[in-house]
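>>> Here's a sequence, model it:
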Amino acid sequence: MSQIKIFGIKEQLQPVRNRLSDTIHQCIVDVLHLPIGKRAHRFFYLEKEDFFFPEDRTEQYTIIEITMIAGRKTETKKRLIQELFYRIEAEVGIRKMDLEICIYEPPACNWGFRGMNGDEIQLDYTIGV
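Just a heads-up that it's a prediction; the model follows:
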């Protein structure tokens, strides 16, 4: 299970939304081995005056927050971040310098979905990759 939030300036993010979502999702599927149907992305469009970012970034500055059940190996998470940097730049055109990625990993017991606690659900994929 993963949930992804994408933040950016509305005029920059909206035109690339679908391509960015597809690219992020393909990275998640390829690296974490999640089923193709497990996409949960939310886009947060910010007005330019409401989004402060480092002066060495452009208006394409985009923040990606990935929340997923804890348990993946460090190497897997690092590979996911590198794949996101590479593919988003190549396929969407957002420079690596304009991307910020953070992974949050609450334990399964802190999740609730399908009417159950996350640590009680039988998943159809492996967490410990």
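
>>> so who does the nearest residue to Gln60 once chain neighbours are set aside touch?
Nearest non-adjacent residue to Gln60, counting by CB to CB, 6 or more residues apart in numbering: Asp98, 4.4 Å away. For glycine as for every other residue, the C-beta is placed from the backbone atoms N, C-alpha and C. Neighbouring residues of Asp98 by CB atoms under 8 Å, 6 or more residues apart in numbering: 57-58, 60-62.

>>> Arg79 and Lys10: what is the separation?
Using CB to CB, to the nearest Å, we find Arg79 at a distance of 31 Å from Lys10.

>>> Out of the contacts of Asp98, which two sit at the greatest distance?
Maximum pairwise distance among those (CB to CB): 10.2 Å, between Thr58 and Thr62.

>>> which one of the two has more residues nearby?
Thr62 (23 against 12; other CB atoms under 10 Å).

>>> now could you export just the CA positions of the top helix by length along the chain as PDB?
Assignment by DSSP state H gives helix 74-91 as the longest helix of the chain. Taking C-alpha atoms only, helix 74-91 is exported to PDB below (Å, rounded to 0.1, in the frame of the first residue of the first chain):
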ATOM      1  CA  THR A  74      17.000   0.800   2.500                       C
ATOM      2  CA  GLU A  75      18.500  -0.200  -0.900                       C
ATOM      3  CA  THR A  76      14.900  -0.500  -2.400                       C
ATOM      4  CA  LYS A  77      13.900   3.000  -1.100                       C
ATOM      5  CA  LYS A  78      17.100   4.500  -2.400                       C
ATOM      6  CA  ARG A  79      16.500   2.900  -5.800                       C
ATOM      7  CA  LEU A  80      13.000   4.200  -5.900                       C
ATOM      8  CA  ILE A  81      14.100   7.800  -5.200                       C
ATOM      9  CA  GLN A  82      16.800   7.500  -7.900                       C
ATOM     10  CA  GLU A  83      14.300   6.000 -10.400                       C
ATOM     11  CA  LEU A  84      11.900   8.900  -9.700                       C
ATOM     12  CA  PHE A  85      14.600  11.500 -10.200                       C
ATOM     13  CA  TYR A  86      15.800   9.900 -13.500                       C
ATOM     14  CA  ARG A  87      12.400   9.100 -15.100                       C
ATOM     15  CA  ILE A  88      10.600  12.300 -14.100                       C
ATOM     16  CA  GLU A  89      13.300  14.300 -15.700                       C
ATOM     17  CA  ALA A  90      13.400  12.100 -18.800                       C
ATOM     18  CA  GLU A  91       9.700  11.600 -19.200                       C
END
